[in-house]
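Asks: Sequence unavailable; structure follows:
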Ligand SMILES: CC(C)(COP(=O)(O)OP(=O)(O)OC[C@H]1O[C@@H](n2cnc3c(N)ncnc32)[C@H](O)[C@@H]1OP(=O)(O)O)[C@@H](O)C(=O)NCCC(=O)NCCSC(=O)CCC(=O)O
């Protein structure tokens, strides 16, 4: 049985194991930093931080195996007065010489800061043993966040972004960084990446403020600008399918693209609404369709979600859950629902017992 829920303080060991698979700014593979991130998430779910400072961490639990198999995050606002975000805008510039009758379209990178940023989704990691599972667990991990955003629309910004990872070298370095950032900062890629989490002053002070013509970069570096790396391509496919597209900005360090979607236009948020749990039914055969259902309760178990089949009744939604214990719903309890369309759920439901690749 799969349950998606908020991260808990005693999940630290398992979150650390998952973070080692990605080690990004949002979810660094550092025990101390992860402990702080869990605490920030706990305060966020408890409503104890101002909206724009909230950072929610979700986990996917294989309940029978008592194992966390994935994680994902929502950062309520990415880019503020205290901590602006920095990126390169990727623009085109035309040049024409009448004398030579020559015309060029150049790509230029312009350093830009954002003090009033959008909501960000990030930190999406599925344990490699569960990747490519017929139930499309990566998709479930990603989708669940839109159910939460849709249920609390006014807590989040007008647009949602995702910073996608580019192709890095096998040793974790970035060719764009070696050609550009390293020359202006004298720092290693990872060192600069970590430093930028607390402070972007060094980028403002040391990076060129003038447009950078990418024609000056080697071809193999130019080709990777704004291109999603292999392990992150499933994310690109999932996001494009629900309304996200590249906003023509990149990470100034490694060239990874930022994808954006106006919050109201996200197809999953449009299909999310509050509802009342009206009881259960036994067989999926009697269902009208499939949905993702969530319940939120005050205290340490702040959020839980899972897949269910549904049928609408005058009082609300009757559900057929893979396991009645999944959410422990009580009749008339308030729930959030995201109605899934055919293509999305076909795979999500296939295989109710979740097993890692070697056991399948
Ligand atoms: C990204 C995930 C979680 C995705 O999980 P899975 O690999 O199990 O994917 P899945 O659920 O089986 O499939 C999801 C969709 O991607 C498609 N898909 C699968 N492999 C693909 C590939 N190589 N190229 C293109 N599309 C692919 C599937 O057909 C499916 O789409 P259809 O249903 O349409 O067929 C995982 O691969 C992972 O942990 N990767 C390594 C870490 C990583 O790069 N994380 C993202 C960092 S970037 C980030 O965190 C910001 C973005 C964010 O938070 O959302």
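Replies: Noted; the coordinates are in hand. Quick caveat: nothing in here was measured; it's all calculated off a predicted structure.

Asks: Could you show which parts of the stretch 1-150 of the chain are in contact with the ligand?
Replies: Taking Cβ under 6 Å from any ligand atom as the measure of proximity, the stretch 1-150 of the chain contacts the ligand at 22, 72, 121-126, 131-133, 136-139, 141-142. From N, CA and C alone the C-beta is placed, and that goes for glycine too.

Asks: Smallest distance to the ligand belongs to which residue of the protein?
Replies: Residue nearest to the ligand within the chain: residue 138 (1.9 Å; Cβ to the nearest ligand atom).

Asks: Grab the nearest non-local neighbour of that residue.
Replies: Counting by Cβ to Cβ, 6 or more residues apart in numbering, residue 138 lies nearest to residue 126, which is 4.7 Å off, once chain neighbours are set aside.

Asks: I'd guessed residue 31 sits against residue 14; true?
Replies: No. Here residue 31 does not reach residue 14: they are 12.0 Å apart, not a contact under Cβ atoms under 8 Å.

Asks: Not counting sequence-adjacent ones, nearest residue to residue 240?
Replies: Leaving aside its sequence neighbours, residue 240 sits nearest to residue 259 (Cβ to Cβ, 6+ apart; 7.8 Å).

Asks: and what of residue 269?
Replies: Nearest to residue 269 is residue 150, by Cβ to Cβ, 6+ apart, at 4.2 Å.

Asks: swap in residue 51?
Replies: Nearest to residue 51 is residue 155, by Cβ to Cβ, 6+ apart, at 5.2 Å.

Asks: quick one on the thing from earlier: what residues are up against the residue nearest to residue 138?
Replies: Residue 126 makes contact with 60, 69, 70, 137, 138, 141 under the criterion Cβ atoms under 8 Å, 6 or more residues apart in numbering.

Asks: phi, psi of the fourth one?
Replies: In this case it means residue 137. Note on residue 137: backbone dihedrals following degrees, to the nearest 10 are phi -70, psi -30.

Asks: Over to the second one?
Replies: Backbone torsions of residue 69, given as degrees, to the nearest 10, read phi -120, psi 0.

Asks: That one against residue 63, yeah?
Replies: No. In this structure, residue 69 is not within contact of residue 63 by Cβ under 8 Å, at 10.5 Å.

Asks: ok, the two, which is more surrounded?
Replies: The residue with more neighbours, out of residue 69 and residue 63, is residue 69; 24 against 14, by other Cβ atoms under 10 Å.

Asks: For residue 291, list each beta-bridge partner.
Replies: residue 308, residue 339 (DSSP bridges).

Asks: What is the neighbour count of it?
Replies: Residue 291 has 24 neighbouring residues, counting by other Cβ under 10 Å.
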